[in-house]
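S.K.: How does the following fold in three dimensions:
(chains A and B)
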Amino acid sequence: MKSNGQLKITHKKDLSFFEKLYITEIFKGIKLTLTQVFRPKFTRQYPEERWNPPASFRGRPVLVEQDGVERCVACGLCARVCPALAIEVQASETEYWKERYPVKFEINMLRCIFCGFCEEVCPEEAIVMSKEYELTFYSQEEAIFGKDKLLVPAEKLKDRLEFLRKYR
Amino acid sequence: MDILIILIKIAVVLVAFLTTVAYVVLLERRLAAGIQNRIGPNRVGWQGVLQPLADVVKLVMKEDIVPVNANRFLHDFAPIISIIAALVTFAVIPFGNTIELFGQQIKLQIASVNIGVLFILAFASLGVYGVTLSGWSSNNKYSLLGGLRAAAQMISYELSMGLSIIGIIMIAGTLELDKIVAAQHGWMWNCILQPIGFITFVVAAFAETNRTPFDLPEAEQELVAGYHTEYTGLKFGLFYLAEYANMLTSSALITTLYLGGWQIPYAETFGIEPFWLSVFQVMAFCVKTILVVVFFIVIRWTIPRFRYDQLMKLGWKVMLPLSVLNILLTGLVLLFLN
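M.R.: The predicted model follows:
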């Protein structure tokens, strides 16, 4: 061990007679291991007890739905920035005040890498990462999420939206 | 009639023994989980009580793979040797006094062999062949190393095991296990009379059963799975069963030789009916054995593995002189007492 430039020598203490016998030490060890049995467990009983992720968690990306309409204006930035090419957007015109909307918005969840770039790049705060982390499919077609699965009301995404406003 | 009684005894003991072995596996898994602050298997049935059954079904359904260059015959034969050696030893262990059932005096021991101790030593060392042959026949370097280690280890520890039993034989004056148990009436348990012999025997028993800290033959960090690396399905299951059966047999043996067997101290003076007294004695035997099994399990999760040279050093330089010393001390004490 080195401290203020000088080498400090520490001698290892010799074992006492009883420590050399090894048997008393074994019983000390057993005492330690057995006391662990009565301590609280770390296991989460998963399907029954689920984890509630914090707001900073990046789960599956979803489209924010406000007043029954998606915020998305189909600018296509998310599709452009997506490193895994998971997002496909088709724009169209609408009578509504925002003038543009996506006719088709698809995220291939087998391609998505949960990087959150789409959320970062979005000018309308229309696509955010949700807290959902349980994503399983029986077929590849099922893994392509359309607008029906992606649209989530803004009230349900309050945590994430607040987090984005605070820390970005 | 005698044959019928023996057959019934064999059936009852075998079923009870194998069930206990299955639940010792579950006990080990739950206890290990507890020591590591986990919960362990608790899904199959209430608190995981059906887990052993599910494991057996899984092992039976698995594909049986024999490596291309393996010796087919020995590869199939090795697990059978292991399991036979583990099971046969239990035949001579008395698990209770005589019991009166349907007007018959029944001795609670499958075979009362007059050289019981020698029988046990003989079959305990037979178990090595299973391990060594499996390592040799698999044609795999890890298996071979495991087998070699098992052979060297068991030869070293067989000696101190045999020598520590001699102390007991000197006290009891017989090789019959039921008489050795009968000699331990009251608190005259051999673990109190022979503390050194008790310690050397327990350590040797750990080495014989390949349990940590002496589990070098299967040391998973260095040898993958040791001698049973190339085994799958039911043959692997047999090795697994043999390991736990060995553990249970060794615990029963430690109980019989050192912890008074089925004896409850001064139980004859409590004035219980003879039939119930026998039942309680069998229960006492079971409780003692299970406690030793728990000791085996806790030791596994407490002490790290020995290095190979440390193992040999302990075996030849510590255990052997200690067990010889034990014989000398026992002889001297017996000489001065008589």
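
S.K.: Give me the distance between stretch A:116-136 and the centre of its chain.
M.R.: Stretch A:116-136 sits 11 Å away from the centroid of its parent chain (C-alpha atoms, centre = their mean, to the nearest Å).

S.K.: contacts for that stretch?
M.R.: The list of residues contacting stretch A:116-136 from outside it, by C-beta atoms under 8 Å, 6 or more residues apart in numbering or on different chains, reads A:51-53, A:57-64, A:70-73, A:75, A:77-78, A:80-83, A:87, A:109, A:114, A:152, A:157, A:159-161, A:164, A:168. Every C-beta, even on glycine, is put in place using the N, C-alpha and C of the backbone.

S.K.: In the stretch 51-200 of chain B, which residue sits nearest chain A?
M.R.: Chain A sits closest to B:Ile199 of the stretch 51-200 of chain B, with a gap of 6.9 Å, by C-beta to the nearest C-beta.

S.K.: Just confirm that residue is within a strand.
M.R.: No. Going by DSSP: H, G, I helix; E, B strand; the rest coil, the assignment for B:Ile199 is helix, not a strand.

S.K.: Look up how far A:Ile30 lies from the residue nearest to it when sequence neighbours are not counted.
M.R.: Nearest residue to B:Ile199, sequence neighbours excluded (C-beta to C-beta, 6 or more residues apart in numbering or on different chains): A:Ile23, at 6.9 Å. From A:Ile23 across to A:Ile30, the span is 11 Å (C-beta to C-beta, to the nearest Å).

S.K.: between these two, which one's more packed in?
M.R.: A:Ile30 (16 against 11; other C-beta atoms under 10 Å in any protein chain shown).

S.K.: what pLDDT does that one get?
M.R.: Looking at A:Ile30, its pLDDT stands at 89.

S.K.: From B:Thr255, how far off is it?
M.R.: Applying C-beta to C-beta to A:Ile30 and B:Thr255 gives a distance of 19 Å.

S.K.: got it, and B:Thr289?
M.R.: B:Thr289 sits 5 Å away from B:Thr255, going by C-beta to C-beta.

S.K.: neighbours of residue 17, just the number please.
M.R.: I'll assume chain A. 8.

S.K.: To clarify, I was referring to chain B.
M.R.: Counted with other C-beta under 10 Å, B:Phe17 comes out at 18.

S.K.: Could you look up the SS state of residue 156?
M.R.: Looking at chain A here, since you left the chain open. Secondary structure, three-state DSSP: A:Lys156 is helix.

S.K.: cool, B:Leu335 as well?
M.R.: B:Leu335 is classified as helix under three-state DSSP.

S.K.: Pick out whichever of B:Thr289 and B:Thr255 has more residues nearby.
M.R.: Counted by other C-beta under 10 Å, B:Thr289 and B:Thr255 do not tie: B:Thr255 has more neighbours, with 28 against 25.

S.K.: how about the nearest residue to the residue of chain A found nearest chain B, chain neighbours excluded?
M.R.: Residue of chain A nearest chain B, by C-beta to the nearest C-beta: A:Val37 (3.7 Å). Closest residue in space to A:Val37, ignoring its immediate chain neighbours: B:Gly34 at 3.7 Å, by C-beta to C-beta, 6+ apart.

S.K.: Name the residues of the helix or strand harbouring the one you found that come out as buried.
M.R.: Assigned by DSSP states H and E, B:Gly34 belongs to helix B:2-35. Buried residues in helix B:2-35, counted by 16 or more other C-beta atoms under 10 Å in any protein chain shown: B:9, B:13, B:17-18, B:20-35.

S.K.: residue contacts, the closest residue to chain A within the stretch 201-338 of chain B?
M.R.: Evaluated by C-beta to the nearest C-beta, the stretch 201-338 of chain B has B:Thr302 as its residue closest to chain A, separated by 4.3 Å. Contacts for B:Thr302 (C-beta under 8 Å, 6+ apart) come out as A:Ile26, A:Gly29, A:Ile30, A:Leu32, A:Thr33.

S.K.: can you count the residues close to the fourth one?
M.R.: Spelled out, that is A:Leu32. As a burial measure, A:Leu32 scores 11 neighbours (other C-beta under 10 Å).

S.K.: Over to B:Trp187?
M.R.: Around B:Trp187 there are 11 residues (other C-beta under 10 Å).

S.K.: ok, now the one 5 residues further on?
M.R.: A count of neighbours around B:Ile192, defined by other C-beta under 10 Å, yields 13.

S.K.: Looks to me like it is in a strand.
M.R.: No. B:Ile192: not assigned to a strand; according to three-state DSSP it is helix.

S.K.: what residues are up against the residue of chain B found nearest chain A?
M.R.: Using C-beta to the nearest C-beta, the single residue of chain B nearest to chain A is B:Gly34, 3.7 Å away. Neighbouring residues of B:Gly34 by C-beta under 8 Å, 6+ apart: A:Gln36, A:Val37, B:Gly40.

S.K.: what do you get if the cut-off is 10 Å, keeping everything else the same?
M.R.: Contact analysis of B:Gly34 by C-beta atoms under 10 Å, 6 or more residues apart in numbering or on different chains lists A:Thr33, A:Leu34, A:Gln36, A:Val37, A:Phe38, A:Arg39, A:Lys41, B:Gly40, B:Trp301.

S.K.: Okay, it and B:Arg72: tell me how far apart.
M.R.: Remark: distance between B:Gly34 and B:Arg72 (C-beta to C-beta) = 42 Å.

S.K.: interface residues of chain B facing chain A?
M.R.: Residues of chain B lying near chain A by C-beta under 10 Å from any C-beta of the partner chain: B:30-40, B:42-43, B:199, B:203, B:213, B:294-295, B:297-304, B:314, B:318.
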